[in-house]
Every structure is written in C-alpha cells, then in structure tokens.
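*Asks:* got a predicted model here, sequence first, then my questions.
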Amino acid sequence: MIGAMRALPGVSAYSTPDAFEAMFEATSARVYAYARRHASADVAPDVVGEVYLVAWARRADLPNEPLPWLLVTARNVLHRHWRTRSKQQRLAAGLEGVAAMAAASDASPDDRLALADAFARLSEDDRETLLLVGWDGLTPQQAAEVLGCTANAFAARLSRARRRLSTHLGDPAPLRLAALPTGD
C-alpha cells in the first residue's frame, strides 16, 4: 500500500521511477475520476497528465499518502483551466459528471434521476464536499487537506451539505445517503 511506504528524512518515497510508477498505478484512476467529475472527457486526461508531471517534478515534496496532494494539484490545474471557460461551460461539464455518477449507481432509474436533480441543485461547494468523501473515498481529514481547511471546518461543511442534499431529496432512505462517511 502506498501509505505504508516510509521515506528516509530528505529522501522521497517516490524518487525512483519504479516507486513513482507504483504510486501512479495506485492513484491515477482516482485522480482521473476527480478530473472527469470537473471537466469534459477530452480535458480530463490532460489534467491527469499535468498532475503527474507536477508530481514528478516535485516528487521530493510528495507525502507518504499522496492522494490528497494529487487532488489538490488537480484542483489547481482545473482552476487554471476554468479561468479560460465561461460559467455556462463549467456548469454543463459539472452536470455531465453528476449524470455519469447517477448512471453508475445501482439505485432505480427514478432514484438516480432524483439524486442527479437534487445534487445539481446543491452549490458547487456542497457538491465538492460530498464527492470528496462519497466518491473519491477520502477521509474527512484528507478532504479537509484538499480544500485547505481544518478537519473541524470540513466536518461542519459535510454536515451542512448532507442536510441540504436530504432536503432536496425529501426521503434519502432509498439512496442510502446515510452510508456516506460521517467524519466522526
């Protein structure tokens, strides 16, 4: 497991090509999923490529658990990309990612449509908060690191985002909303 690697002081756990490749194999699907959620299918691979170029150039700075660092880098790459796109294009790309997520669910088609609709009605910040733990599989502490806030602030954001999603859904039971990590 990548997180179990221990680096010597001043030496990166990913300084060799083999170690970096193993880290890439272990994390690239999750980085791609993050990029794809925020960008179109033709842009996401470029985002991933840039993330790993930055990671290779800064491999001495990579923490033992690199996924949050990689997602922060992906977020920064995406922010640069978004500055060149109109707000309407960003919304369309974001909703496309939500539709793909809902289509992958094992819930009924009606439940998936309800989830996609409720999710689309959330703010961008609420969607990001829920997706970091529910889709990317980050712990609340890791998600807080990605967003640049404290674990307590993230826990409050997560609680509020869940409450707003529940409000938009009406009855979250069929969608197993309670199965999302709580951060407790």
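*Replies:* Alright, I've got the coordinates.
*Asks:* please identify the buried residues of stretch 160-174?
*Replies:* 161-162, 164-166, 168-169, 172 (16 or more other C-beta atoms under 10 Å). In this view, the C-beta of every residue, glycine as well, is placed from N, C-alpha and C.
*Asks:* confidence-wise, which helix or strand of this structure is lowest on average?
*Replies:* Within the chain, judged by mean pLDDT, DSSP states H and E, the helix or strand with the poorest mean is helix 87-103; its value is a mean of 60.
*Asks:* quick check: next helix or strand after that helix?
*Replies:* Going down the chain from helix 87-103, the next helix or strand is helix 109-121, by DSSP states H and E.
*Asks:* mean confidence for that following helix?
*Replies:* Per-region confidence: helix 109-121 scores 81 on mean pLDDT.
*Asks:* by contact count, what packs against the strand or helix carrying Val77?
*Replies:* Take DSSP H and E as the rule and Val77 turns out to sit in helix 67-82. Contact here means 3 or more C-beta pairs under 8 Å, 6 or more residues apart in numbering; DSSP states H and E; on that basis helix 67-82 packs against helix 17-38, helix 44-57, helix 140-147.
*Asks:* can you get me a residue count around the spatially closest residue to Phe154 that is not a sequence neighbour?
*Replies:* Closest residue in space to Phe154, ignoring its immediate chain neighbours: Ala144 at 3.7 Å, by C-beta to C-beta, 6 or more residues apart in numbering. Per other C-beta atoms under 10 Å, the neighbour tally for Ala144 reads 23.
*Asks:* hang on, isn't Ala144 packed against Val133?
*Replies:* No. With contact defined as C-beta atoms under 8 Å, Ala144 does not reach Val133; the gap is 10.3 Å.
*Asks:* what about Pro113, how many neighbours?
*Replies:* Quick fix: residue 113 reads Leu, not Pro. 13.
*Asks:* in contact with Glu128, which residues are there?
*Replies:* Counting by C-beta atoms under 8 Å, 6 or more residues apart in numbering, Glu128 touches Leu147.
*Asks:* wait, Gly137 sits on Arg30?
*Replies:* Yes. Counting by C-beta under 8 Å, Gly137 does reach Arg30; the two are 7.1 Å apart.
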